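I'd like to go over a predicted model; first the sequence, then the structure.
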Amino acid sequence: MSELAAQFAVTYPRGPRIDVDFRCPAEGFAVTTLFGPSGCGKTTVLRALAGLKRPSAGLIHFQGQVWFDAAKGLHTAPQRRNVGYLFQDYVLFPHLDVAANIGYGLRRDSATERARRVGELLERFDLKGLDQRRPSELSSGQQQRVALARALARRPQLLLLDEPLSALDAPLREQMRRELRHWLQEIAIPTILVTHDRLEALALTDQLLVMHHGRIVQAGPVREVFARPSQAWVARLVGVENVVPGIITHRDHDLATVQIGTVSLNVATREPVAAQVLVCIRAEDVRLEADDRLTALNQANHALHATIQCLFDEGPYIRMELDGGFPLVARVARGLVEERGWQVRHQLTVRIPPHAIHVIPSS
């Protein structure tokens, strides 16, 4: 399969070292996301792929082309890589109208071909009628679409998006997440995206590369990384609310019993007996029932009694902090909480599906 292979380092004097090694598809529709907190090196990686930042060591290959080879002194200029780049702040030319911004990279084309391509992109991104406006006369969402159209005007073989939705307010960002995924599917070129937003990563991504302190610490399909983080730091980054210490007390092949606080749960793991572990449970996987719905406590089925300690309003959801023999967070639909009349100190039965429990070594 045609791929992008990147193994390189970027070193800053008296500063951090970015050192990455990854592969991703280089043809057809595929979105690979560099995901991590601000300052972890995501944008530096994107700029190195675009040719805007020269690594200090390593290799970058794309579809059999050598874009960078430190050992041979090879560094392909940005304009020869045919990459579309959407900057975080869009960087539209303020003195040019929408049509001129989109067509900026088409200056070597004939006037007829340039007008045809600009018209095609104006229609694709719902910008018809705005072609003579300046960037200052556009909304944030319209500016984002103009910047994306400009990045695609030359039909790049790779699209790089740096925090493409961060400049938008929350309601518009939700709408644009859906639209951006649809546009990328239509365009059908490989895309590498940078974000620190979990919802954005889930909505847009196929393959996730989690970065921390300049390194990729976990890579895989986005749902797999979110469901089965490899370490505690990744678990918290992808929004696993419950990361609690436990100890393996019994093992039977790939099934083990882990002691968490005052309760025991069965989990799928190969960790040895007496191993210290961290048990990861997403808040939305914690299922609640009125306490009288369960006549006998059955921990083998991951059911336990719990007491509501705190309730926090999160719009359509309520975040519940529970004491079920260990601290536990649940996220429940507001309607269910109101229907049941659940309040602080109410007793509940908690069920945790076995597939929702993920164990990682505490180290």
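Yes, it's here.

element containing the residue lying closest to Val91 once chain neighbours are set aside, please.
Nearest residue to Val91 in three dimensions, chain neighbours excluded: Ala147, at 7.3 Å (Cβ to Cβ, 6 or more residues apart in numbering). The C-beta positions use only the backbone N, C-alpha and C, and glycine is treated the same way. Here Ala147 is covered by helix 140-152, with elements defined by DSSP states H and E.

then Ser264?
Per DSSP H and E: strand 263-268 holds Ser264.

export that strand as CSV, just CAs?
The C-alpha trace of strand 263-268 is given here as CSV (Å, rounded to 0.1, in the frame of the first residue of the first chain):
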residue,chain,number,x,y,z
VAL,A,263,-14.6,-4.7,46.0
SER,A,264,-13.4,-7.2,43.5
LEU,A,265,-14.1,-7.3,39.7
ASN,A,266,-13.3,-9.9,37.0
VAL,A,267,-11.2,-8.4,34.2
ALA,A,268,-9.5,-9.7,31.0
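
if we look at it, which residues are touching it?
Strand 263-268 has contacts (Cβ atoms under 8 Å, 6 or more residues apart in numbering) with 249, 254-258, 279, 299-300, 302, 304, 324-326, 352, 354, 357, 359.

now do the contacts for the spatially closest residue to Ala77 that is not a sequence neighbour.
Spatially, and ignoring its direct neighbours in sequence, Ala77 is nearest to Gly51 (6.0 Å; Cβ to Cβ, 6+ apart). Contact partners of Gly51, counting by Cβ under 8 Å, 6+ apart, are Trp67, Phe68, His75, Thr76, Ala77, Pro78, Arg80, Arg81, Val83.

which element follows the helix ranked longest in the chain toward the C-terminus?
When the chain is parsed with DSSP state H, its longest helix is helix 170-187. Using DSSP H and E, the helix or strand that directly follows helix 170-187 along the chain is strand 190-195.

which residues touch that next one?
Contact partners of strand 190-195, identified using Cβ under 8 Å, 6+ apart, comprise 4, 24-35, 42-43, 45-46, 49, 157-166, 184, 201, 204-205.

is it true that Val277 lies in a strand?
Yes - using DSSP: H, G, I helix; E, B strand; the rest coil, the assignment for Val277 is a strand.

which residues does it bridge with?
Counting by DSSP bridges, Val277 is bridged to Gly246, Pro361.

which pLDDT value belongs to it?
pLDDT recorded at Val277 is 94.

walk me through the domains of this protein.
For the chain, automatic domain parsing gives the domain ranges 3-235, 240-361.

the ones you listed: lowest mean pLDDT?
domain 240-361 (a mean of 88).

so the most centrally placed residue in the chain, which of the three states?
In the chain, the centroid-proximal residue (Cα atoms, centre = their mean) is Ala201; its distance is 2.6 Å. In three-state terms, and counting by three-state DSSP, Ala201 is helix.

ok, it to Ala57 distance?
Distance, Ala201 to Ala57, by Cβ to Cβ, to the nearest Å: 29 Å.

now for the longest helix of the chain, which elements pack on it?
Where contact means 3 or more Cβ pairs under 8 Å, 6 or more residues apart in numbering; DSSP states H and E, helix 170-187 is packed against helix 140-152, helix 198-204.

make JSON lines from those helices and add distance to Arg14 to it.
Shown next, in JSON lines, are those (distance: least, Cβ to Cβ, whole Å):
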{"stretch": "helix 140-152", "distance to Arg14": "34"}
{"stretch": "helix 198-204", "distance to Arg14": "32"}
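
mind checking which of the ones you listed is nearest Ile189?
Taking Cβ to Cβ, helix 140-152 is the member of the helices and strands packed on helix 170-187 nearest to Ile189, at 8.3 Å.

returning to what we had before: report the two of the contacts of Gly51 separated the most.
His75 and Val83 (14.0 Å).

who has more neighbours out of those two?
Neighbour count, other Cβ atoms under 10 Å: between His75 and Val83, Val83 has more, with 22 against 15.

hmm, Leu161 and the more buried one touching each other?
No - counting by Cβ atoms under 8 Å, Val83 does not reach Leu161; the two are 11.2 Å apart.

contacts only, for the residue nearest to Ala70 when sequence neighbours are not counted.
With Cβ to Cβ, 6+ apart as the criterion, Ala70 has its nearest non-adjacent residue at 4.8 Å, and that residue is Ala57. Shown in contact with Ala57 (Cβ under 8 Å, 6+ apart): Phe8, Ala9, Thr11, Ala70.

in the longest helix of the chain, what counts as buried?
Neighbour counts over helix 170-187 (16 or more other Cβ atoms under 10 Å) mark Arg173, Met176, Arg177, Leu180, Trp183, Leu184, Ile187 as buried.

ok, the fourth one to Gly239 distance?
Leu180 sits at a distance of 21 Å from Gly239 (criterion: Cβ to Cβ).

ok, the fifth one next?
Distance, Trp183 to Gly239, using Cβ to Cβ: 26 Å.

other residues contacting the helix holding Ala147?
84-87, 90-92, 98, 101-102, 104-105, 121-122, 124-127, 130, 135, 138, 159, 164-165, 167-169, 172, 175-176, 180, 183, 187.

mind checking which of those land in helices?
Going by DSSP H, the helices hold Val98, Asn101, Ile102, Leu121, Leu122, Arg124, Leu172, Gln175, Met176, Leu180, Trp183, Ile187 from the contacts of helix 140-152.

relative to Ser363, how far out is the third one?
When Cβ to Cβ is applied, the distance between Ile102 and Ser363 equals 52 Å.

what does His213 give?
Taking Cβ to Cβ as the measure, His213 falls 17 Å from Ser363.
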